[in-house]
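Enquirer: 3D model of this:
(one chain, ligands or ions: 1)
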Amino acid sequence: MPDSRPRRTFAVISHPDAGKSTLTEALALHARVITEAGAVHGKGGRRATVSDWMDMEKARGISITSAALQFVYRDHVVNLVDTPGHSDFSEDTYRVLSAVDSAVMLVDAGKGLEPQTLKLFKVCALRGIPVITVINKWDRPGLAALELMDLIEQKIKLRPTPLTWPVGEAGDFRGVLDRRTGEFVKYTRTAGGATRAPEKRMPAGEVDEADRPVWQDAVEEHELLEADGADHDQELFLAGTTTPVMFASALQNFGVAQLLDLLLDLAPAPHATPGVDGSVREVEDEFSAFVFKVQSGMNAAHRDRLAYARVVSGTFERGMVVTHATTGKPFATKYAQAVFGRELSSIEEASPGDIIGLVNAQALRVGDTVYVGEPIEFPPVPSFAPEHFMAASAADVGRFKQFRKGIEQLDQEGVVQVLRSDLRGDQSPVLAAVGPMQFEVVQERMTNEFNSPIRLSRVDYSVARRTDAEGAAALAGGRGTEVLQRSDGTYLALFVDQWRASATARDNPDVMLEELPAGG
Ligand code: G4P
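Expert: As a prediction, this is how the structure comes out:
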């Protein structure tokens, strides 16, 4: 029997240290975890469920690549797809956003909107992913609530529509005013936040004497918001114009149940997805899925490739034979399993919105579609604007064949983008990445998997713009710039910095120089 419980598939977008791991654990505590796929990072001695597929990953105690945490709440199945975030910020972090239906933007109340959050938000905005905002760490001193609302409106042009409003300023968190019912939700601290924090709901008239003054402040601010029309509107939220906001302390478990309720009540369920030819796959159609991440070298003794795919339609049943849209070839899922933490456990079936891990997936690449029945091919997962560049060459020139093979493989998997030019020759392509950690992965895999240790040397660029063949000719030999061609044929003009990129664009108004936001 296929599992027909409704799904919610989302990701948390945040800057390191905003509390994503803490929130993930708190969510898991409130709900009943079904499966875990390396989503919870083991930091500071906390519960570690990380898949340690590489030595360096172990040494750092973080998960370089990860998948999803699945849990049940109010008879819904919730999939939290992990966004790698510390120094392991990479193209994968962006790619997971193609696999979710909504995002939770986690903001540190003391810091406001930080750079990595802004980058990830941009991708959500471009992909039309609705965003719920959680202001975290309200238990300690931070910015004023109204100031945070201004920041959101100004920095990302989303209209905040708070659903709850804090009672007590940051650092003096008594509870929240539920703006929909006008009730006071009072929080009580529990030691270490290890258990579900007690919440007590009461009408305005029953607020304790001790809480009265701060309650009154909250009521006044709520009235200000009301006068300003900052109320939730489901259509505007789904259209990406507004963001519902709530206040929380992941560490104290405050607001966590509210967030789960919000996800179920407001966040979109998996929906129909158009293919490249304009045909549409409805969720109840036959099985289809697309690959949004490929992971290799899970096990040093047994090299394997695992493709993470999001189910778009139909029911996945282990053992079914699917068609790989790119090659038209059948792909047997006999060995298809889900990798959860260190263990391989098999998934028997999965529904739209769920994430499956397909092992032995040698032929599957990021963006590929697999389906049953009526053919469908989903649009490719875009590549993203790289910000780090390194020239690569074989450390041992006698191993050039292995070098070429390895680089080609890593390019196809989307581990790095590979850029070439006649000037640099085939012996020394430039590798481009969103995050510097991707180079470490390349180095490790070239040495251990392809038997060709490489030499990487920094090339001093930090900005890439898309150009064309004429642009490449016009910019050749320019100062502080170089044009290379990516393996998909796109010409990328690289610049030492933003200033040089702008100056070049100004001096060459006829040359195409497009920003590469999230769809490079
Ligand atoms: P991340 O995954 O987003 O990087 O953040 P993580 O959850 O690891 O949290 C970063 C730090 O912030 C941790 O402290 C964590 O305890 C703290 N934190 C998270 N949520 C809250 C909150 O709601 N209130 C307060 N006051 N702190 C919060 P740490 O000292 O760096 O690590 P740890 O030793 O406590 O694990």
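
Enquirer: For the stretch 251-400 of the chain, which residues are neighbours of the ligand?
Expert: Residues of the stretch 251-400 of the chain lying close to the ligand (Cβ under 6 Å from any ligand atom) are Leu251. Placement of C-beta: from N, CA and C, glycine included.

Enquirer: so where's the stretch 251-400 of the chain shaky on pLDDT?
Expert: 296-304, 334-347 (pLDDT under 70).

Enquirer: What segments of it are strands?
Expert: 273-274, 280-281, 288-296, 305-313, 316-317, 321-324, 329-332, 338-340, 343-345, 349-350, 355-358, 369-371, 388-394 (DSSP state E, counting those that start in this stretch).

Enquirer: so what secondary structure elements neighbour the first one?
Expert: Read that as strand 273-274. strand 280-281 (3 or more Cβ pairs under 8 Å, 6 or more residues apart in numbering; DSSP states H and E).

Enquirer: try 10 Å
Expert: The criterion is 3 or more Cβ pairs under 10 Å, 6 or more residues apart in numbering; DSSP states H and E, and the helices and strands that strand 273-274 contacts are strand 280-281, strand 305-313.

Enquirer: Which residues does that strand contact?
Expert: 280-283, 285, 288, 290, 310, 312-313, 352, 369, 376, 378-379 (Cβ atoms under 10 Å, 6 or more residues apart in numbering).

Enquirer: Restrict the residues you listed to the buried ones and give me that as a PyMOL selection.
Expert: Buried residues within these, by 16 or more other Cβ atoms under 10 Å, are selected in PyMOL with:
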select buried, resi 281+283+285+288+290+310+312+313+352+369+376+378
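
Enquirer: which among the contacts of strand 273-274 gets closest to Ala493?
Expert: Pro379 (25.2 Å; Cβ to Cβ).

Enquirer: So that closest one sits against Asp368, correct?
Expert: No - Pro379 is not in contact with Asp368 according to Cβ atoms under 10 Å; the separation is 11.5 Å.

Enquirer: hey, what's in contact with both of the two?
Expert: Phe290.

Enquirer: near the ligand, which residues of this protein?
Expert: Residues of the chain lying close to the ligand by Cβ under 6 Å from any ligand atom are 14, 16-22, 43-44, 46, 136-137, 139-140, 249-251.

Enquirer: Those residues in helices, which ones?
Expert: Among the residues of the chain next to the ligand, the residues falling in helices (DSSP state H) are Lys20, Ser21, Thr22.

Enquirer: Filter those residues down to just the buried residues.
Expert: Buried among these by 16+ other Cβ under 10 Å: Lys20, Ser21, Thr22.

Enquirer: can I assume the first one is in contact with Thr93?
Expert: Translated: Lys20. No - counting by Cβ under 10 Å, Lys20 stays clear of Thr93, with 11.5 Å between them.

Enquirer: Give the residues shared as contacts by those two.
Expert: Residues touching both Lys20 and Thr93 (Cβ under 10 Å, 6+ apart): Ala11, Ile13, Asp82, Thr83, Gly85.

Enquirer: Can you classify the first one by secondary structure?
Expert: Secondary structure, DSSP: H, G, I helix; E, B strand; the rest coil: Ala11 is strand.

Enquirer: got the contact list for it?
Expert: Counting by Cβ under 10 Å, 6+ apart, Ala11 has contacts 20, 68, 79-83, 93, 96-97, 99-104, 120, 124, 129.

Enquirer: In strands, which of those fall?
Expert: Ala68, Asn79, Leu80, Val81, Ser102, Ala103, Val104 (DSSP state E).

Enquirer: Give me the pLDDT value at the last one.
Expert: What that stands for is Val104. pLDDT recorded at Val104 is 98.

Enquirer: Thought Gln258 was touching it, still the case?
Expert: No - contact criterion Cβ under 10 Å: Val104 and Gln258 do not qualify, at 11.9 Å.
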